[in-house]
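In: okay, sequence plus prediction incoming.
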Amino acid sequence: MIKSMTGYGRAQSDFQGTKITVEIRAVNHRYHEIMFKMSKDLIPLEDLMKKKLQSYVKRGRIDVFITIDNEENPNQQLKVDWDLMDQYIEIVQELNERINVESRLDLKDLLAIPELIHVGQDILDLEVLAPTLIDTLDIACKNLTEMRMNEGIHLYNDLTSRIGNLTSLLDKMQETAPQVVEEYRKKLVARITEWLDGVVEIDEARLLNEVAFFTDKANIDEEITRLKSHFNQFLSILSQDEPVGRKLDFLIQEMNREINTIGSKANNLVLSQLVVEMKSELEKMREQVQNVE
């Protein structure tokens, strides 16, 4: 069953007086991106957490928010990142030497450095904390997946319904197509009769050749056959338990191409109206498919 690319998952756990909160927000995106908003102390665990997320989510943008609160030591203090300040001063000195300009740093310059001074707490013992953090992330991923699957059910129902609408419109096209040839034959006979004004008899052989030429030019049997095949493929892919968003998007492009071809051949008001209705349904499907993983 398809999954939506959008969703939200949250989980919280306590470990030795430390509260761990993980929130995951997934949105549709052309590529697969994972972004973390968390303490720098957790960066060594980033690759491990990415692997966990990638086992649940294959496509889209994922924003992960992780907060660690030490309830046994709630009195957080302002801390200075001395290593960052030393690097900043060193770079400024190198610039002064390279461009021969004497520039002095003042306190205001240092305070403007992002993350130089931050609210901090004791350095986390990652080796001890990691198992609980990963377990909490896993629960948040499962909650996210549940929401994405529920949304996927709505997408599935909507898309299958629209394929049903397209099938009905295509059936009407198939019924209308033979009438186009007959209408053309009648119009051609009427036009020739008007031109000849009864002076010369209509050459039935030439008339039949002209009608046959038009029939071949206006024939949409191949397009109808391919569209039926695309509809069946689309429904089959919808039921697959894997990321299928790109496949569905490709099929919609192929359907649109076939319908455009029919539109270019249509020499009938009813067919033209059916083409417009089918393109409208396809556009709604395309918008929905953008949200399918």
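Out: Here it is on my side, so go on.
In: lowest mean pLDDT among the helices and strands of the chain, which one is it?
Out: Across the helices and strands of the chain, mean confidence by mean pLDDT, DSSP states H and E is lowest for helix 204-218: a mean of 60.
In: next structured bit after it?
Out: Downstream of helix 204-218, the next assigned helix or strand under DSSP states H and E is helix 221-238.
In: tally of neighbours for the nearest residue to Asp81 once chain neighbours are set aside?
Out: Spatially, and ignoring its direct neighbours in sequence, Asp81 is nearest to Leu116 (5.5 Å; Cβ to Cβ, 6 or more residues apart in numbering). Placement of C-beta: from N, CA and C, glycine included. When neighbours are counted by other Cβ atoms under 10 Å, Leu116 registers 15.
In: again with Glu283
Out: 12.
In: I'd assumed Asp109 was in contact with the residue nearest to Asp81.
Out: No: look at Leu116 against Asp109 with Cβ atoms under 8 Å: they stay out of range, at 10.3 Å.
In: how much space between Ser275 and Leu169?
Out: No, residue 275 isn't Ser; it's Val. In this view, Val275 and Leu169 are 9 Å apart by Cβ to Cβ, to the nearest Å.
In: alpha carbons of the helix or strand in which Asp69 is found, as PDB, please.
Out: Per DSSP H and E: Asp69 is located in strand 60-70. The C-alpha coordinates for strand 60-70 follow below in PDB (Å, rounded to 0.1, in the frame of the first residue of the first chain):
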ATOM      1  CA  GLY A  60      11.000  13.300   1.000                       C
ATOM      2  CA  ARG A  61      12.400  15.800   3.400                       C
ATOM      3  CA  ILE A  62      12.600  14.800   7.100                       C
ATOM      4  CA  ASP A  63      13.200  17.300   9.900                       C
ATOM      5  CA  VAL A  64      14.100  15.800  13.200                       C
ATOM      6  CA  PHE A  65      14.000  17.800  16.500                       C
ATOM      7  CA  ILE A  66      15.700  16.300  19.500                       C
ATOM      8  CA  THR A  67      15.700  17.800  23.000                       C
ATOM      9  CA  ILE A  68      17.500  16.500  26.000                       C
ATOM     10  CA  ASP A  69      16.400  17.800  29.400                       C
ATOM     11  CA  ASN A  70      18.200  16.800  32.600                       C
END
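In: other residues contacting that strand?
Out: 5-6, 17-29, 31-39, 41-42, 49, 53, 121-122, 124, 129, 133, 137, 293 (Cβ atoms under 8 Å, 6 or more residues apart in numbering).
In: next one: the helix or strand just after that strand to chain centre, how far?
Out: Downstream of strand 60-70, the first helix or strand assigned by DSSP H and E is strand 77-80. Put simply, strand 77-80 sits 42 Å off its chain's centre (Cα atoms, centre = their mean, to the nearest Å).
In: that older thread, contacts only, for the residue nearest to Asp81.
Out: Per Cβ under 8 Å, 6+ apart, neighbours of Leu116: 80-81, 84-85, 88, 110.
In: separation between it and Glu46?
Out: From Leu116 to Glu46 the distance is 22 Å (Cβ to Cβ).
In: likewise Asp63?
Out: 14 Å.
In: can you check Lys19 too?
Out: 21 Å.
In: follow-up on the earlier one: so among the contacts of strand 60-70, which ones count as buried?
Out: 5-6, 18, 20, 22-26, 32, 34, 36, 38, 41-42, 49, 53, 121, 124, 129, 133, 137, 293 (16 or more other Cβ atoms under 10 Å).
In: in helices, which of the residues you listed appear?
Out: 49, 53, 129, 133, 137 (DSSP state H).
In: state the pair within those that is farthest apart.
Out: Leu53 and Leu129 (18.1 Å; Cβ to Cβ).
In: CA atoms of stretch 259-267 as PDB?
Out: The C-alpha coordinates for stretch 259-267 follow below in PDB (Å, rounded to 0.1, in the frame of the first residue of the first chain):
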ATOM      1  CA  ILE A 259      -4.800  12.100 -24.300                       C
ATOM      2  CA  ASN A 260      -3.000  15.100 -26.100                       C
ATOM      3  CA  THR A 261      -2.600  12.900 -29.200                       C
ATOM      4  CA  ILE A 262      -6.400  12.100 -29.100                       C
ATOM      5  CA  GLY A 263      -7.100  15.800 -28.700                       C
ATOM      6  CA  SER A 264      -5.000  16.600 -31.800                       C
ATOM      7  CA  LYS A 265      -7.000  14.000 -33.800                       C
ATOM      8  CA  ALA A 266     -10.400  15.000 -32.400                       C
ATOM      9  CA  ASN A 267     -12.600  16.500 -35.000                       C
END
